[in-house]
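Visitor: Output the structure for:
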Amino acid sequence: MEDTVETVLHVEDDEDDISLLERAFGRTGFPHRLQTVKSGDDAIAYLSGHGQYADRQEFPLPTLLLLDIKLPRTGGFEVLAWIRNHPKLAPLRVIMLTGSARTEDVNRAYRMGVNSYLTKPVGASGLVDILGAVGTHWLQHSKVPDLSAFPA
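Guide: Modelled structure (predicted):
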């Protein structure tokens, strides 16, 4: 991995949830850059480096993806399937961060290869706690796959 600030990509369409997560992420103190896109289509464009996301200096591949299930047009499960079927991106660490606690959604996400499934807490302090735990595990202790080592 290069000696640049690593990026976390957040895929969420709800403005309130975006603002809450941005504030909570800022409180965690992790040095990672947070990028947010508002649809599954934008997530795929970002990860593909297409359109407005073509500049990899401005929109680098993330080391972690926080993915909501319910998104406009292309949903979170479809984004996850696209990632897991993409040879270069398949090892990307994906965490479902969603409002759904339905057992069917949890099971489906794990069957599809999600790395973790978290239900959004109510309020900023709960989100700070979750992001702190996510950051400690996934951003500090867990090793990041070098996506450039995988075939395009």
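
Visitor: where does the protein dip in pLDDT?
Guide: 1-4 (pLDDT under 70).

Visitor: Quick one: the strands in it, in order.
Guide: 7-11, 33-37, 64-67, 94-98, 116-119 (DSSP state E).

Visitor: Adding mean neighbour count and distance to Lys143, write the ones you listed out as TSV.
Guide: Glycine gets a C-beta too; all of them are placed from N, C-alpha and C. What follows is the strands of the chain, written out as TSV (neighbours: other CB atoms under 10 Å; distance: least, CB to CB, whole Å):
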stretch	mean neighbour count	distance to Lys143
strand 7-11	23	16
strand 33-37	18	19
strand 64-67	24	12
strand 94-98	24	16
strand 116-119	16	15
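
Visitor: ok, Gln140 - contacts?
Guide: Neighbour list for Gln140: Phe30 [criterion: CB atoms under 8 Å, 6 or more residues apart in numbering].

Visitor: so how far is His32 from it?
Guide: 10 Å (CB to CB, to the nearest Å).

Visitor: do the same with Leu65
Guide: For Leu65, the distance to His32 - CB to CB - is 12 Å.

Visitor: And Val134, by the same measure?
Guide: For Val134, the distance to His32 - CB to CB - is 11 Å.

Visitor: Return the list of helices and strands in contact with the helix ranked longest in the chain.
Guide: The longest helix of the chain (DSSP state H) is helix 15-28. Here helix 15-28 touches strand 7-11, strand 33-37, helix 124-134, going by 3 or more CB pairs under 8 Å, 6 or more residues apart in numbering; DSSP states H and E.

Visitor: In contact with Val5, which residues are there?
Guide: Taking CB under 8 Å, 6+ apart as the test, what Val5 contacts is Pro31, His32, Arg33.

Visitor: Correction: the previous question concerned Asn115.
Guide: Counting by CB under 8 Å, 6+ apart, Asn115 has contacts Arg93, Val94, Ile95, Trp138.

Visitor: still on that earlier bit, mutual contacts of Leu65 and His32, please.
Guide: By CB under 8 Å, 6+ apart, Leu65 and His32 have these common neighbours: Val8.

Visitor: Which strand residues bridge the residue nearest the centre of the chain?
Guide: Compute the mean C-alpha point of the chain, and by CA atoms, centre = their mean the closest residue is Leu65, 1.7 Å away. Beta-bridge pairing for Leu65 (DSSP bridges): Leu9, Val94.

Visitor: List the contacts of it.
Guide: Val8, Leu9, Val11, Ala43, Ile83, Leu92, Arg93, Val94, Ile95.
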